[in-house]
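# quick check, what structure comes out for this input:
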Amino acid sequence: MQAYLGIDIGSISTKGVVIDADAQIIAHSYLWTEGDPIGAVKRVLAELKGQLPPAVDVVSVGTTGSARKLIGTVLGAQVVKNEITAHAVGTMSRVPDVRTILEIGGQDSKIILLNNGIVTDYAMNTICAAGTGSFLMSQAKRLGLAIDELGEMALKSQNPTRIAARCTVFAESDLVHKAQIGHKKEDIVAGICNAVVNNYLNNVGKGKKIAAPTVFQGGVSKNVGVVRAFSQVLGHEVYVDDFGHLMGCLGVAVLAKTKGNTKSFDFNIQEVSFVTKGKECEKCPNNCEIIYVYRNDDLLDSWGNRCERGVAS
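All right, here's what the predicted structure looks like:
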């Protein structure tokens, strides 16, 4: 059976899926990147390989995410796409009539507006991590809670605390103050969830018309407290897919499927040594910072140069 691989390499997490000819997910993996995108991808591939029966033959690969070019080079990907395209395609494969995609990841967030399957507008927040997954993780740690406890605890609240979350530093200060003056922990957690939603809508979603069907995805979509807060503020149900945290890699897998490649992908790259080197080219006044990628000491690719002088290693 022919299948298709999609990898989404983010700053916090690395995700992978393998889909069949009907774009159904037959293997999936979600791991922390831990500052090592190549190592994380090797671990994801090992997990995916372990879930696949021997008869499955992966014939095309797609990559997306902040390290998409690097990992696309390492894997010999047929498709390398930005996150907006990948998330839109992935979401439409699950919810064909989606009009609005709300996405909150580990360190960034985005909104995508669609009309009849076409992206009409989008916005991203990559400057500040306030209101993202890393923000929630730090607040959970401060409260002595596991990150996956936040959502259920927020649902217990009858009187959410008002927390300022436009800046992580101010939010933490406000959270400590509210705890010290006697606010219940579940009310503070619910307030954090509400603050995430308000921060998102006032920054990423500012000026955007959010129409239903609305799909919420990214790692933060697993927090039921944030999901409830979005539904309450928007006034309509917000749909969360079981694979909402995998929409980016699903999207590039779907795009890879359209390429029609027939060369089998080798999952055993963990046995291959990949090395990246960065250096500043001093051959002209541009002083370009060039990245070189080597496979077993052989140069695979390089980028960052604004002229041809710095292409060679």
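
# so where do the strands sit in the stretch 1-150 of the chain?
According to DSSP state E, counting those that start in this stretch, the stretch 1-150 of the chain carries its strands in the segments 2-9, 13-19, 25-32, 57-65, 79-80, 100-104, 109-115, 118-125.

# so can I have a markdown table of those strands showing distance to residue 188?
Yep, even glycine has a C-beta here, placed from its N, CA and C like the rest. Compiled in a markdown table, the strands of the stretch 1-150 of the chain are given as follows (distance: least, CB to CB, whole Å):
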| stretch | distance to residue 188 |
| --- | --- |
| strand 2-9 | 32 |
| strand 13-19 | 26 |
| strand 25-32 | 26 |
| strand 57-65 | 32 |
| strand 79-80 | 42 |
| strand 100-104 | 20 |
| strand 109-115 | 22 |
| strand 118-125 | 24 |
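
# export the ones you listed to a markdown table and tack on mean neighbour count?
Output for these, formatted as a markdown table (neighbours: other CB atoms under 10 Å):
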| stretch | mean neighbour count |
| --- | --- |
| strand 2-9 | 28 |
| strand 13-19 | 26 |
| strand 25-32 | 18 |
| strand 57-65 | 25 |
| strand 79-80 | 22 |
| strand 100-104 | 27 |
| strand 109-115 | 21 |
| strand 118-125 | 15 |
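
# of the ones you listed, which is nearest residue 205?
Within those, the stretch nearest residue 205 is strand 109-115; the backing value is 5.2 Å (CB to CB).

# pLDDT of the closest one, averaged?
Here the mean pLDDT over strand 109-115 is 94, rounded to a whole number.

# so how far is that strand from its chain's centroid?
In terms of CA atoms, centre = their mean, to the nearest Å, the gap separating the centre of strand 109-115 from the centre of its chain is 14 Å.

# packing partners of it?
Based on contacts counted as 3 or more CB pairs under 8 Å, 6 or more residues apart in numbering; DSSP states H and E, the elements that strand 109-115 packs against are helix 83-94, strand 100-104, strand 118-125.

# okay, that strand in PDB with CA atoms only?
Taking only C-alpha atoms (Å, rounded to 0.1, in the frame of the first residue of the first chain), the coordinates of strand 109-115 have been written out as PDB:
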ATOM      1  CA  SER A 109      -0.100  31.400  17.300                       C
ATOM      2  CA  LYS A 110      -2.000  32.100  14.100                       C
ATOM      3  CA  ILE A 111      -5.500  32.700  12.600                       C
ATOM      4  CA  ILE A 112      -6.500  31.600   9.100                       C
ATOM      5  CA  LEU A 113      -9.700  32.700   7.400                       C
ATOM      6  CA  LEU A 114     -11.200  30.700   4.500                       C
ATOM      7  CA  ASN A 115     -14.000  31.100   2.100                       C
END
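
# which residues of this protein score low on pLDDT?
Low-confidence segments of the chain, defined by pLDDT under 70, span residues 126-131, 165-169, 260-262, 303, 309-313.

# flag every buried residue along stretch 256-275.
Of the residues in stretch 256-275, those buried by neighbour count under the rule 16 or more other CB atoms under 10 Å are 256-257, 261, 265, 267, 269, 274.
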